[in-house]
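K.L.:
quick one, fold the following:
(chains A and B)
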There are 2 protein chains.
Amino acid sequence: MTRVSSPLGDMDPEEFRRHAHRVADWIADYLANPSKFPVLARVQPGEISAALPATTPVRGEPFETIFSDFERILVPGITHWNHPGFFAYFAITGSAPGVLAEFLSAALNVQAMLWRTSPAATELEEVTLSWLRQLLGLPSTFEGVIYDTASISTLHALAAARERTVPSVRELGLAGRDPMPRLRVYCSDQTHSSIDKAVILLGLGQQSVRKIPSDSEYRMRADALAHAVADDRAHGWQPLAVVATVGTTSSTSVDPVPAIADLCGRESIWLHVDAAYAGVAAMVPGREGILQGAELADSLVVNPHKWLFTPFDLSVLYCRHMDLIRSAFALTPEYLKTIEAAPVRNLMDTGIQLGRRFRALKLWMVLRHFGAEGLRDRLAEHMRLAQLFASWVDESPDFERLAPVPFSVVCFRARAQQSEDADRLNERILEAVNGTGEIFISHTRLDGRYALRLAIGNLHTTESHVMRAWGLIQEHAHQLRSSN
Amino acid sequence: MTRVSSPLGDMDPEEFRRHAHRVADWIADYLANPSKFPVLARVQPGEISAALPATTPVRGEPFETIFSDFERILVPGITHWNHPGFFAYFAITGSAPGVLAEFLSAALNVQAMLWRTSPAATELEEVTLSWLRQLLGLPSTFEGVIYDTASISTLHALAAARERTVPSVRELGLAGRDPMPRLRVYCSDQTHSSIDKAVILLGLGQQSVRKIPSDSEYRMRADALAHAVADDRAHGWQPLAVVATVGTTSSTSVDPVPAIADLCGRESIWLHVDAAYAGVAAMVPGREGILQGAELADSLVVNPHKWLFTPFDLSVLYCRHMDLIRSAFALTPEYLKTIEAAPVRNLMDTGIQLGRRFRALKLWMVLRHFGAEGLRDRLAEHMRLAQLFASWVDESPDFERLAPVPFSVVCFRARAQQSEDADRLNERILEAVNGTGEIFISHTRLDGRYALRLAIGNLHTTESHVMRAWGLIQEHAHQLRSSN
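P.N.:
Numbering: from 1, shown residues only, chains lettered A, B, ... in the order given. So this is what the prediction gives:
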């Protein structure tokens, strides 16, 4: 029996069907050719806001009107992360199977706080994270949990470290306790800003972050770390955690995890590995070594939404002591108590967020659609394209490479002529190539030098797009030099 | 020009189109009749896991196979939040326009950390939250931001309160400082567990939470709050924040916000209002009063994913001092620095999470599709249905109501006969009616008494479903009494 649509219900089911097909076609057309739009949105600040009414319409509007405004007003304000010329930050892909999974997940609208409120979401998360763990070569001592972002994954890792290090922190907190040593979190000077944000939130204060110098290839110096720990201990600081990065955000450098793990083991310090971007590369034959030592870590974050073709957001925390996260946060009010036939995992116990979307579905569909071989081939291809681009940079007298290319990101810049300011020249190149609408690259600073940063990670990107990017960059560099 | 699909690219666009239409039809059929499935999943713990392979397939699989496994293995493990008989926890609806918006959002896959990475997502968030703010009758002094869950919204509110109260907490943290008073967060004994979790995370310790007794209708006693604050001050505690709730999770009671706001004003204590579930009811004519006093609050959370027909997840924090959140968390590494033609809002500055999905799209489509009147009518209808159910309870000699019904949730229970244990009887009723597959209700405990809890909030629920729920509950209560 088909439900008769009530005037106070949801959209009529047949109307929904019609619009869903319309949207499906729009998306199919869009994904067939995302480069029909400029990659970087060309709107001015405030332009989108100004084009929208100031209040909710009093009466409901036809979906056709809403969708037409989406196309007319919003699409021009989209920076197209699907565009094959998207080379900024970390290029990502919300691949087709993942998009379909998100459509289903939104329709099912399950809230997976308890096993009971969605057994499938809870158990699929466990199974899928076991699949991914095996692909990464991590031992089964790691239990996984899905969060929204690496910021939240790392926050939980550091909360677990705090739980282990500070007696009764759940009950007593950090303030007004005596004696309470000052706590320290170590990471390199290349580490992601989420570490600082987590430390601030946890009430440790930014002074708790001790940034360890990196070497000439932007890798944390293990000797400097050992020295810092000893120095801190001598001055009354209590080491809380070390965050090592496999694939830093700036240059994608890899910290020496085995040496760091060794030190953390000796010193009984929590080791968290931030492999949010590059961790997935460990599944590529010959690249398993990038996670060497990580098997000794206490926790590790990897983001399938970054370089594993899963629509944003889906971050995975693997932890060898998930019970510590549970003892930090599990808290079941009466209205959430359930009795099941056997022990179950309630996802709300592993973290700060009570509500959980059915995120495992998209990862499951992505892993099955591409298969292990398909994923490896694509990751390897992105690394090949990055090496190719790096070789062009290396062969050009007009450009220089500023960092090794262990994965799919190239940091480089145009060489300046005698009198030029190289930073300014490269800023202008960035601005000019991003203005073409054909490519979008971002920048960083390495050893104080402004660097252009080309990141490959989009499934729509082929060798011809990388060639075009190189052509555009050379062309604009040449023009800007000539006009100087 | 259509992109030619590469063997190392994403799914072929025409293949995607075909599957997208297939999925659209499945969802249309599903939403037309969600009651074809039992509302509460009937699987046993571990059953879903056991039905799935232990590893990622080596080679990619056809989408048909994956989708068929979704239907065969996963759907039976879904608890159907769309089912018109879903009356547990807070019943929610991911309405049709919201589902279509999520499909688009997944396809666009924008990461709205910076204005530049998606101007449309950034500006639409601002506009849509202004629409919602006006619907709620809140003044424009409130700035809004979208987070995933109320847990995260409240966490940021309390982080802002900490930022305001503890000098240099961002830099120095809470530990090892002298002198540092112990800090206190006040809420009622009915407050949601997310307050405790946030306080733990922030390093304040659960001892910081002082639970204020509530009155006979489960509302925080303002006199008891005043007494607690005075008592704490006299004993060296520093008040940090008060959390008042409009619509508690257990009985949906409403704390006396005007009196609490008055006290917070006098005492200079941060007032956070948790209106996650019930805040939206303020848009219903005659119900504006529920947010009276909230205009004086420092922050307020409301969740469109709860009772505003928006697919999970979308929580909104309104704050009168968003700059405090920015000063707590804004932190821009070089690789995220951008130069724009005018000042812009970068969403990554308002919180712990760097990455942000394009969540505003679904709220915008929902608000436009239903319109202000359509939303008001639906909320009013849910409250009418709850009153109706409550009247049946009140009229029955076999049942008793355990709390007032200010919104769309009814707490009640079957009266026990002389020798019976009323708690046990009602537990068995819960189990029995949930076993029918026709309805799913949850429970709570009020004044120590086990209470059945019927929540209305699903757009598919009509008066006939509520009648059927009442019929089933009566029937099973009768059977269980007879068999006693």
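
K.L.:
who in the stretch 351-484 of chain A is up against chain B?
P.N.:
A:352-355, A:357, A:361, A:365, A:367-375, A:377-378, A:381, A:442-445, A:453, A:459-460, A:462 (C-beta under 8 Å from any C-beta of the partner chain). In this view, the C-beta of every residue, glycine as well, is placed from N, C-alpha and C.

K.L.:
helices - which of these land there?
P.N.:
The helices, defined by DSSP state H, take in A:361, A:365, A:367-375, A:377-378, A:381 from those.

K.L.:
quick one on the thing from earlier: which of the residues of the stretch 351-484 of chain A next to chain B are buried?
P.N.:
By neighbour count, with 16 or more other C-beta atoms under 10 Å in any protein chain shown, these hold A:352-355, A:357, A:361, A:365, A:367-372, A:374-375, A:377-378, A:381, A:442-445, A:453, A:459-460, A:462 as buried.

K.L.:
send me the top strand by length along chain A as PDB with only the CA atoms.
P.N.:
Longest strand in chain A by number of residues, with DSSP state E as the criterion: strand A:237-245. The C-alpha trace of strand A:237-245 is given here as PDB (Å, rounded to 0.1, in the frame of the first residue of the first chain):
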ATOM      1  CA  TRP A 237      57.100  19.200  32.300                       C
ATOM      2  CA  GLN A 238      55.200  16.000  31.800                       C
ATOM      3  CA  PRO A 239      55.300  14.700  28.200                       C
ATOM      4  CA  LEU A 240      51.700  13.800  27.100                       C
ATOM      5  CA  ALA A 241      51.900  12.900  23.500                       C
ATOM      6  CA  VAL A 242      54.000  13.000  20.300                       C
ATOM      7  CA  VAL A 243      52.300  13.700  17.000                       C
ATOM      8  CA  ALA A 244      54.300  12.300  14.100                       C
ATOM      9  CA  THR A 245      53.100  13.100  10.600                       C
END
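
K.L.:
what distance separates that strand from the centre of its chain?
P.N.:
Centroid separation between strand A:237-245 and its chain, computed with C-alpha atoms, centre = their mean, to the nearest Å, is 21 Å.

K.L.:
can you list the residues of the stretch 151-300 of chain A near chain B?
P.N.:
Residues of the stretch 151-300 of chain A lying near chain B (C-beta under 8 Å from any C-beta): A:151-152, A:155, A:159, A:162, A:166, A:168-178, A:180-183, A:192-194, A:196-208, A:249-250.

K.L.:
buried subset of those as a ChimeraX selection?
P.N.:
Buried residues within these, by 16+ other C-beta under 10 Å, are selected in ChimeraX with:
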select /A:151,152,155,159,162,166,169,170,172,173,174,175,176,177,180,181,182,183,192,193,194,196,197,198,199,200,201,202,203,204,205,206,207,208,249,250
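
K.L.:
next structured bit after the longest strand of chain A?
P.N.:
Using DSSP states H and E, the helix or strand that directly follows strand A:237-245 along the chain is helix A:257-267.

K.L.:
which other helices and strands does that next one contact?
P.N.:
Judged by 3 or more C-beta pairs under 8 Å, 6 or more residues apart in numbering or on different chains; DSSP states H and E, the packing partners of helix A:257-267 are helix A:222-234, strand A:237-245, strand A:270-274.

K.L.:
not counting the last one itself, show me its contacts.
P.N.:
Applying C-beta atoms under 8 Å, 6 or more residues apart in numbering or on different chains, the contact partners of strand A:270-274 are A:150, A:154, A:157-158, A:160-161, A:164-165, A:191-192, A:195, A:240-246, A:257, A:260-261, A:264, A:279, A:291, A:294, A:296-301.
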